[in-house]
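Asks: sequence first, then the predicted structure:
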Amino acid sequence: MLAVALLLPPLLLCGVLALGRYEERLLRGPAPQPHAPAGRHLRAVPDLPSPEPTALPAPPPEETQADRRTAAGRGRHAA
């Protein structure tokens, strides 16, 4: 009876502390997903290097006053 009287309070304290930690873990929710490690990313179709170097686009041709009025320079019909 003396052993029960001496061991019961510490055992109950450990049980209460364990239940408290369990409750905190439940209230926290699911763990966040870990981030993907930095490095190579796989792609379905790999990017191939272009054989020719990138060139600047050609400047647009100069419009004349007649082209602006008739819309001939813009490649569409006037509506």
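Replies: On my side now, so go ahead. Numbering: from 1, shown residues only.

Asks: state the number of residues packed around residue 4.
Replies: Look at residue 4: counted by other Cβ atoms under 10 Å, it has 8 neighbours. (Each C-beta comes from the backbone N, C-alpha and C, glycine too.)

Asks: remind me what the helix or strand containing it packs against, helices and strands.
Replies: Assigned by DSSP states H and E, residue 4 belongs to helix 2-28. For helix 2-28, there is no helix or strand it packs on, judged by 3 or more Cβ pairs under 8 Å, 6 or more residues apart in numbering; DSSP states H and E.

Asks: now do that helix, average pLDDT.
Replies: Helix 2-28 shows a mean pLDDT of 94.

Asks: before we move on, what about stretch 45-58?
Replies: 68.

Asks: where's residue 50 relative to residue 44, distance?
Replies: 19 Å (Cβ to Cβ, to the nearest Å).

Asks: and these two? which has more neighbours close in?
Replies: Between residue 50 and residue 44, counting by other Cβ under 10 Å, residue 50 is the more crowded of the two (7 against 4).

Asks: torsion angles phi and psi at that one?
Replies: phi -80, psi 140 (degrees, to the nearest 10).

Asks: what of residue 30?
Replies: Main-chain dihedrals, residue 30, degrees, to the nearest 10: phi -70, psi 150.

Asks: can you check the one 3 residues further on too?
Replies: When quoted as degrees, to the nearest 10, the phi and psi of residue 33 stand at phi -70, psi 140.

Asks: any idea how many residues pack against it?
Replies: When counting by other Cβ under 10 Å, one arrives at 6 neighbours for residue 33.

Asks: give me the neighbour count for residue 6.
Replies: Neighbour number of residue 6 under other Cβ under 10 Å is 9.

Asks: quick one: residues contacting it.
Replies: By Cβ atoms under 8 Å, 6 or more residues apart in numbering, the contact list for residue 6 is empty.

Asks: next one: it from residue 20, what distance?
Replies: Residue 6 is 23 Å from residue 20, by Cβ to Cβ.

Asks: with that, I have no additional questions.
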